[in-house]
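Peer 1: Sequence first, then the predicted structure:
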Amino acid sequence: MTDTPLTTETLREMLVADVLERWPATAEVFNAHATGCVGCVLAPFCTVFDAADNYHQPPEQLAAELLGIIVASSPS
């Protein structure tokens with residue numbers, strides 16, 4: 001990833017596996033939405049947008065919740 005600031009728009013285009021690997025705390029968001037993303041064999045191929053779409057979640061909401069966890073768990 002580059003020095004581009006992380007936004008909900010850029011996060012939506014990231015692969016689920018990359019999000020989970022880089023920010024493990026995001027697993028709680030995927031689990032809270034009853035997705036099967038954590039441990040899924042398709043996670044390396046699906047974007048956050050794909051996951052939201054597959055589980056009938058608003059992509060903007062899922063990305064915003066993920067971003068909130070990322071920001072909260074990042075060292076200051």
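Peer 2: Received, thanks.
Peer 1: contacts, neighbours, all on C-alpha from now
Peer 2: Fine.
Peer 1: Could you pull up the residues touching W23?
Peer 2: By CA atoms under 8 Å, 6 or more residues apart in numbering, the residues touching W23 are I70.
Peer 1: State the distance from it to C40.
Peer 2: If you measure W23 against C40 using CA to CA, to the nearest Å, the figure is 16 Å.
Peer 1: Low-confidence ranges, the chain, go.
Peer 2: 1-3, 76 (pLDDT under 70).
Peer 1: The same query, at a cut-off of 80, please.
Peer 2: Counting by pLDDT under 80, the chain shows low-confidence ranges at 1-4, 75-76.
Peer 1: which stretches of it form helices?
Peer 2: Ranges of helices in the chain, per DSSP state H, are 8-12, 16-22, 27-32, 48-54, 59-73.
Peer 1: Sort out which residues of the fourth one are buried, please.
Peer 2: Read it as helix 48-54. Neighbour counts using 16 or more other CA atoms under 10 Å place V48, F49, D50, A51, A52 of helix 48-54 among the buried residues.
Peer 1: Spatially nearest residue to the second one, not counting backbone neighbours?
Peer 2: Take F49 and drop its neighbours on the chain: the residue closest to it by CA to CA, 6 or more residues apart in numbering is R12, 4.9 Å away.
Peer 1: which ones are touching that neighbour?
Peer 2: Taking CA under 8 Å, 6+ apart, one finds T47, V48, F49, P59, E60, A63 in contact with R12.
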